[in-house]
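> Got a predicted structure plus its sequence, pasted below:
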Amino acid sequence: MKPLPAIWNELSKPLPRGSSADDIPPVITPDDREELVGIIERSDFGYLAEGRANVLFVIKEPPNDPAIRKAMFKGTLLRVAKATPGVTPCDYETLQDFQEKSVEAEVGREHLVPQLLVKISQHVADALNAKRNRNDGSVIHAGYAMLMEDVGPAPGFRVLEFKPKWLAQSPLAPPDATRCRTCAREAFRNSQRAAQGHRKALPIPVCPLGLLHDDRRVRLASIDRLAPRWSERERERLADALAASGVLERLRDLQLRGDRGDALFADPSDAGFGLAMTLRDCSCYVRMPTAEGNVVAAAPVVIKLADVDKKNWREKQTYWRDSHRNLADNGWYRGEEKVDPPVETACVLRLDYCLARGIDDIPAPFRARLCPPP
């Protein structure tokens with residue numbers, strides 16, 4: 001069968017217009033998938049990272065096996081669910097079906113980190129558990145797992161990971177809000193951290209609305225904060241790549257389309273609302289080629305989305321509703337929270353208010369771009 005890098009390349013091509021994954025031949029056959037499972041069974045693994053629900057591993061194919069192509073798993077990660085007491089484990093069949101039938105069709109396959117559904121045996125699950133060093137009571141079981149393209153750090157690339165979050169204001173926000181949904185939420189979270197005794201200066205949250213602003217200077221000011229160690233040329237190049245891809249505009253449009261009003265309270269089971277909430281919590285990965293190693297610096301910038309998992313609205317709806325009520329009722333949207341000292345934010349809503357009225361009180365993160373020294 002093909003090595004995984006060739007499969008990722010195939011799965012990164014746009015679907016024909018008007019089609020879904022069901023309308024085109026599968027990239028791998030059932031026999032290929034079975035062979036892949038057999039190779040995984042004979043492989044070794046390296047622990048990479050884990051979150052609340054999933055664990056990531058690198059795969060080291062068995063050495064000196066003439067039946068296995070060289071670099072079979074190059075640029076590939078193994079993602080597995082972990083069962084934690086009190087937490088419903090991810091149903092990977094459902095997640096894969098959701099990505100193929102909902103996310104790919106709406107967002108575009110070319111904008112997503114490609115993945116394949118496979119099965120792991122108890123033997124493999126035991127090997128993976130042995131590589132971990134966690135005492136949270138979680139365990140990896142035999143069953144479905146995901147192979148996915150590795151879009152993390154690599155020689156010859158500048159790499160950036162960020163969460164686009166809410167790319168438009170919440171339809172439930174007060175009409176006189178001075179903070180967007182993301183800035184309001186981050187202000188609340190920073191107040192909690194301060195109350196818990198965090199002594200380090202808390203970072204001012206990056207407002208996602210800046211990434212889609214009409215003024216390129218505002219977009220660059222937002223990128224300045226996402227990639228502070230990048231050169232000016234690299235930031236300019238990223239701004240151009242984001243605009244050319246249109247992926248953030250697509251996320252914003254789908255968020256708006258799926259959440260037009262009070263769906264959170266009236267119809268949280270709606271498929272469009274579910275997709276909107278998924279896309280408000282996905283991750284964006286950027287790989288920018290540099291002149292290092294064997295990578296050609298002029299190669300295109302790759303921008304892909306991951307963590308587009310289906311949300312369990314039955315488990316999430318109470319949390320979502322309580323979060324909204326807290327932000328709306330306790331002044332976080334309006335910057336009127338009853339905390340001392342006040343929480344500093346740099347929301348684009350406040351920026352636009354100042355610009356429209358000629359007010360000099362422009363939020364600090366935007367001043368270097370908008371008000372350069374003479």
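Everything's here; your move.
> Report the contact partners of residue 219.
210-213, 239, 242-243 (Cβ atoms under 8 Å, 6 or more residues apart in numbering). Glycine gets a C-beta too; all of them are placed from N, C-alpha and C.
> Tell me which helix or strand it sits in.
Residue 219 belongs to helix 216-226 when assigned by DSSP states H and E.
> buried ones in that helix?
218-226 (16 or more other Cβ atoms under 10 Å).
> closest to residue 340 among the residues you listed?
residue 225 (26.0 Å; Cβ to Cβ).
> ok, that closest one to residue 90 distance?
Distance, residue 225 to residue 90, by Cβ to Cβ, to the nearest Å: 32 Å.
> and what of residue 177?
Remark: distance between residue 177 and residue 90 (Cβ to Cβ) = 34 Å.
> What residues does the closest residue in space to residue 128 that isn't next to it in sequence make contact with?
The shortest distance from residue 128 to any non-neighbouring residue, by Cβ to Cβ, 6 or more residues apart in numbering, is to residue 140 (5.0 Å). Applying Cβ under 8 Å, 6+ apart, we find residue 140 in contact with 55, 80-83, 125, 128-129, 132.
> how about the strands of the protein, start to end?
Here the chain has its strands, by DSSP state E, at 44-50, 54-60, 76-81, 115-120, 143-149, 157-162, 283-289, 302-306.
> Where do the helices of the stretch 51-200 of the chain begin and end?
With DSSP state H, counting those that start in this stretch as the criterion, the stretch 51-200 of the chain has helices at 92-98, 104-107, 122-131, 181-195.
> Output the contacts of residue 219 as CSV; include the columns distance to residue 14.
Converted to CSV, the contacts of residue 219 look like this (distance: Cβ to Cβ, whole Å):
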residue, distance to residue 14
210, 28
211, 23
212, 22
213, 27
239, 23
242, 18
243, 18
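> Got a ChimeraX select line for the buried ones in those?
Of the contacts of residue 219, the buried ones can be selected in ChimeraX as follows, counting by 16+ other Cβ under 10 Å:
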select :210,211,212,213,239,242
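> average model confidence for stretch 40-55?
Mean pLDDT, computed over stretch 40-55, is 93.
> Which residues in that stretch does the neighbour count mark as buried?
Buried positions in stretch 40-55, judged by neighbour count with 16+ other Cβ under 10 Å: 40, 43, 45, 50, 54-55.
> Alpha carbons of it, as PDB, please.
Taking Å, rounded to 0.1, in the frame of the first residue of the first chain, the C-alpha atoms of stretch 40-55 are listed here in PDB:
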ATOM      1  CA  ILE A  40       0.700  -0.900  13.500                       C
ATOM      2  CA  GLU A  41       0.500  -4.100  15.500                       C
ATOM      3  CA  ARG A  42       4.200  -4.800  14.800                       C
ATOM      4  CA  SER A  43       5.300  -1.200  15.400                       C
ATOM      5  CA  ASP A  44       6.800   0.700  18.400                       C
ATOM      6  CA  PHE A  45       5.500   4.100  19.600                       C
ATOM      7  CA  GLY A  46       6.800   7.300  21.100                       C
ATOM      8  CA  TYR A  47       4.700   9.400  23.500                       C
ATOM      9  CA  LEU A  48       4.100  12.900  22.200                       C
ATOM     10  CA  ALA A  49       1.400  14.700  24.200                       C
ATOM     11  CA  GLU A  50      -2.100  14.400  25.600                       C
ATOM     12  CA  GLY A  51      -5.100  16.500  26.500                       C
ATOM     13  CA  ARG A  52      -8.400  15.900  28.400                       C
ATOM     14  CA  ALA A  53      -9.700  13.200  26.100                       C
ATOM     15  CA  ASN A  54      -7.000  12.100  23.700                       C
ATOM     16  CA  VAL A  55      -3.300  11.100  23.500                       C
END
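> could the contacts of residue 219 go into JSON lines alongside distance to residue 345 and pLDDT?
Formatted as JSON lines, those follow (distance: Cβ to Cβ, whole Å; pLDDT from 0 to 100):
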{"residue": "210", "distance to residue 345": "12", "pLDDT": "98"}
{"residue": "211", "distance to residue 345": "16", "pLDDT": "98"}
{"residue": "212", "distance to residue 345": "18", "pLDDT": "98"}
{"residue": "213", "distance to residue 345": "16", "pLDDT": "98"}
{"residue": "239", "distance to residue 345": "22", "pLDDT": "97"}
{"residue": "242", "distance to residue 345": "23", "pLDDT": "98"}
{"residue": "243", "distance to residue 345": "25", "pLDDT": "97"}
